[in-house]
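> compute the structure for the input listed below.
(chains A and B)
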Amino acid sequence: MKLSMKWLADFTDVSDVNIKEYCDRMTDTGSKVEGYETLAEDIENVVVGKITKITKHENSDHLQICMLDCGTGEEIQIVTGAQNVFEGAVVPVAKAPANLPGGVRIKAGKLRGVESNGMLCSIAELGLTLHDMPGAIEDGILILNDVGLADAPIGADVRDVLMLKDDVVEFEITSNRPDCLSVIGLARESAVSFGKALNVPTPKKPAAKNDGDKIENYLNVEIRESELCYRYSARVVKNVKIAPSPLWLRMRLRAAGVRPINNIVDITNYVMLEYGQPMHAFDYACLDGSRIIVRCAEKDEKFVSLDSIPHTLDDSMLVIADAKKPVALAGVMGGENSEITDETKTVVFESAMFKGASVRVSGKKLGMRTESSSRFEKGLDRENTMAALDRACELVELLGAGEIVDGTIDEYPAPATPYKMELEAERINAFLGVHLTEEYMAEILKTLDFKVEDKMLTVPSFRDDVRCMSDVAEEVLRIYGYTKIESAPLMGVTTQGGRTARQQFELSIRDALVGMGLCEAETFSFISPKFYDKIRMAEDDPRRVSVVISNPLGEDTSVMRTTAIPSMLKILENNAAVKNANVKLFELGNVYLPTEADKLPVEARRVVIGAYQSEAKSGDAFYAMKGCIEALLDTLRVKGAEYTACTDDNAFHPGRCAVITVNGEKIGVFGQIHPLTIANYNIDAVTCVAEIDFEALFAAHEVMPEYTQLPKYPALERDFSFVCDEEQTVGVLSSCMKKAGGALVESVSLFDIYRGPQIGEGKKSVSFAVMLRAADRTLTDEEADGAVKKILKKLESDCGAVLRS
Amino acid sequence: MKETLLKIREDALSAISAPDADLEAIRIRYLGKKGELTAVLRGMGQLTAEERPVIGQIANEVREAIEKELGAKAEAQKAEALNKSLIAEKLDVTVPGTAVNVGHVHPIARIQREMEEIFIGMGFDIVEGPEIEYDYYNFQALNIPPDHPARDTQDTFYISENILLRTQTSSVQARTMETRKPPIRIVSPGRVYRSDAVDATHSPLFHQMEGLVIDRGVTMGNLKGALEMFAQTMFGADTRVRFRPHHFPFTEPSAEVDVSCFACGGKGCRLCKGEGWIEILGAGMVHPNVLTMGGIDPNEYSGFAFGMGIERIAMLKYHIDDMRHLYENDVRFLKQF
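Alright, predicted model coming up:
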């Protein structure tokens, strides 16, 4: 809401406050100021001058030399290229040196050898448009004679003559205060904020003409939807003379950011800005059947709004109709079929009150938001329609724009009853933590137009937002001053505070991975459904069913991810693009798994690890990732993890992917990204990704570390190399050895795998170190050899692995 | 015989004193099984009973002397060798150390944890709520019925008519009231979503932290006190807190909260755009309708709530000038935190 300070002065006098202080104080009392602007500040030394003589420029066909009387006693010579000047014309003169809008600086100089001491100005050069200055022309000098200012005092500052000077304060009005979307509303707030008097004159009712002509002869109003239209007030103006509004009115509209059109339309806008009551003017001649019917549109009913845009309506939308057709979309915009034109002779003024939600929904459905609808949708004052209507008629008479027909139509099926409530001073003090007297509170409330009688408050009709103690507390507090609240420590029952075990577990994961040299990432939860194709997810994979956003920003962010792998690949790609080498990232992020329709999906947390690196040896990256996972599980005390080759996840290399299980439950998957998958991302390095379920990790972890006695007796180590088939896995060999060696086997660790001609095609040599130990005695060599024998035998029989000679 | 022994001693000691003496060879030559001293001792049998102890003692003295000298020389040689190798092993200490790959916590997580610790210290629990949420918890239970104009200011992503991506962590308020009874002191961090295109200061996904305190006799002064304590721990002990009136449907009175600029102390600088104050959060006293909907009697209890953007705090604190960095995850960025 843009407020003209000149307009404000009609209702309250804050002239002793400088504009900066005004803005600060208004913000402090709850009307947030976005900024302010001093209009015409950039115009300097532009005065009214009269052309006394025009001569031709010797060296130019189009230039003319004007002599100007600017009231200084000395004539000023100015060369102009404009053709619409004439002797005797009164014009705006930028006397060198002068400033014009847009940082234009006018200096004295010579034009083709002839001295020119300034410039004659067009409307554009003064920052004006034809709407602001009807009667002027666009491609020529502004001739003040053409705009009714022939009598402007010579030498006067053009800003005064054109009424350009004003301070405009822009407010950000919160949705609970539609009453402040008006000059009067802000005047009330200003008066209270600065302790000034508020003077809102009651508009003068037009004197009855008693000429026998009355509104009933013209119009019949019927509200068919009293749930959507609470009140409909109307008056008729006849013998209308459409003309431009006077300068003062146009300049006020301009300051408020509204384009002047003509006197009748300007009056409706002026009243809306002043009273906060949107109004509409219909050309009576266009109303069929002398009727106004407030009804819902018919399904698919056609309507062309004032801005010439055709709309198809539906039956939830409230329209103002005549006997045959809709003539306005209630509260949003009028129709082209009944708009005010230069030929309009009779006008119907509408001042009505529509249900906010209805206006909001209609506007939203049709993609229309106007000054009118943005006011209505917040809920306006039902008691304001008549005052606004009277003000409009007052202006009609003031402007001589027409004659008011006797009588008013005011359909008001269910008048609002004033809301009353108790002023609970003690409770307010306790609630805010302040100590104010009841009298002080009452004073503030009275200035805000509350009635206070015997601890009973009557809330003004324009304050629908005040309904309970805390609302009243806010009214008192914002005037008393938010800044005066004194800080107090939290009191009451001591609470423990802290994190749940699950939240602490999450911190452990983060700390462990950071400790291993990984950087944490944050990625978007929504992805493109095409990302599933990018990671080559099977067509029938259940993870392709995502929670879909019905109004996404774009396809790239249109579904909630069911796997975080594409997000990880995307950010690895970001890093590859800027040539970061050997990148290791992790994310603790959610995936969203649909359940039933109309039920919330499961939000499952995932630990996602991703890395790319150059490999010294094929397989390095895979084993680096596995090492990272093993270290993570170790840190988290998740024991007994098993790794099984996984060949059917197309995202991964079929020979370099493993499923992680703990106690038979799958908790995650990791592996090298398939060459065909990685081809969909610009990453030129071996890339591995892991996705592990947080809940499964949490469920599997040992809460407390449990101490095991350190061994008292020495261990014996035996190293073996076996030759076995290429297909045989280290996992199977190890567990076979453990099983065969029984309790004496403390650990089996792989230390080499060798392939070569002496081993043979399709074979490999695998070397293990086996630690043997008994808890209660020193092992003898015989015992160890016995265990070794069993191991060797079992390996040969079960795994076909023979000791390498 | 005595002379022989003394000659052996002299020869041995002389050999040991040579600069590069091969001590092991010397030991074998004189003291070894076939060594010179051993040979002399073998001849002792030919001596008389009187001579034997005398010569025996001399022989022992000679042996001891040689052994002692050998030992001393061995020590000296070891020390010299060590010295030599220490000199040879000298390193250029200005050569950079072997790189250890250090990981980094994401700046959002880092700030979030810092914020959580402050509130945990004040007795707050950390609670979480779903990101995909019912309209009821995100709006209706917060005093924002359908068609409320406040819905327009939060461009919401919808899943269905009743399910949406939460636009604010305030959705956790109603959920908390349903599951806990006063005294309630919680903060709830998490992701929220608004339909804003990505640019330097907007993101369709960002993080907020909601706070909720409900108890008997909670005042707006308590709200200010709690936020002041938070701000002073987060931004520095001299930080001041300023409340400005505002409107949120779920608090009444509501305030926008500024902190004095921690870069300039309030004098006005680039960070605070010359204002001296920086807006960091919205807060207020929990609206009685919200308490009632949460099953808490507003005549018995009161409370306050606040909500702040974690990205905003992180960007202010670390002087991050472009929000996009936070989600692009360039390690050159991540490694700065």
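
> please state the offset of stretch A:95-106 from the chain centre?
Remark: stretch A:95-106 is offset 39 Å from the chain centroid, using C-alpha atoms, centre = their mean, to the nearest Å.

> wait, what's in contact with the closest residue to residue A:524 other than its chain neighbours?
The shortest distance from residue A:524 to any non-neighbouring residue, by C-beta to C-beta, 6 or more residues apart in numbering or on different chains, is to residue B:205 (5.3 Å). From N, CA and C alone the C-beta is placed, and that goes for glycine too. Residues in contact with residue B:205 (C-beta atoms under 8 Å, 6 or more residues apart in numbering or on different chains) are A:524-526, B:191-193, B:327.

> give me the phi and psi for residue B:205.
As for residue B:205, its main-chain torsions (degrees, to the nearest 10) stand at phi -130, psi 130.

> compare the contacts of residue B:205 and tell me which has the most neighbours.
Using other C-beta atoms under 10 Å in any protein chain shown as the neighbour test, the contacts of residue B:205 are led by residue B:193, with 27 neighbours.

> for the nearest residue to it once chain neighbours are set aside, name its beta-bridge partners.
Excluding its sequence neighbours, the residue lying closest to residue B:193 (C-beta to C-beta, 6+ apart) is residue B:165, at 3.7 Å. In this entry, residue B:165 is beta-bridged to residue B:132, by DSSP bridges.

> residue B:165: what's it in contact with?
Contacts for residue B:165 were tallied using C-beta under 8 Å, 6+ apart; they are A:549, A:560, B:131-133, B:156-159, B:192-193.

> now with 10 Å?
Residue B:165 sits next to A:525-526, A:547, A:549, A:560, A:592, B:130-133, B:138, B:156-159, B:191-195, B:204-205 when contact means C-beta atoms under 10 Å, 6 or more residues apart in numbering or on different chains.

> from the contacts of residue B:205, pick the one nearest residue A:514.
Of all the contacts of residue B:205, residue A:514 sits closest to residue B:327, with 19.0 Å by C-beta to C-beta.

> need phi/psi at that closest one.
When read as degrees, to the nearest 10, the backbone of residue B:327 gives phi -110, psi 0.

> was I right about it contacting residue A:587?
No - contact between residue B:327 and residue A:587 fails when scored by C-beta atoms under 10 Å: they sit 11.0 Å apart.

> which neighbours do the two share?
Common neighbours of residue B:327 and residue A:587, counting by C-beta under 10 Å, 6+ apart, are A:521-523, A:567, A:571, B:106.

> report the two of those separated the most.
Distance extremes for the shared contacts of residue B:327 and residue A:587: the farthest pair is A:567 and B:106 at 13.6 Å, using C-beta to C-beta.

> show me whatever sits in contact with both of the two.
Taking C-beta under 10 Å, 6+ apart as the contact rule, residue A:567 and residue B:106 both touch A:521-522, A:587, B:327, B:329.

> which residue would be the closest one in the stretch 251-400 of chain A to chain B?
Of the stretch 251-400 of chain A, the residue with the smallest distance to chain B, taken as C-beta to the nearest C-beta, is residue A:357 at 3.5 Å.

> next one, pLDDT for residue A:624 please.
Residue A:624 is assigned 95 on the pLDDT scale.

> check contacts around it.
By C-beta under 10 Å, 6+ apart, the contact list for residue A:624 reads A:582, A:584, A:611, A:613, A:615, A:686, A:688.

> pretty sure the third one contacts residue A:627?
No - using C-beta under 10 Å, residue A:611 makes no contact with residue A:627, being 11.1 Å away.

> tell me which helix or strand the residue nearest in space to the middle of chain A sits in.
Residue closest to the mean C-alpha point of chain A, counted by C-alpha atoms, centre = their mean, is residue A:553 at 12.6 Å. Of the helices and strands defined by DSSP states H and E, none includes residue A:553.

> show me what contacts it?
Neighbouring residues of residue A:553 by C-beta under 10 Å, 6+ apart: A:526, B:155, B:157, B:194-198, B:204.
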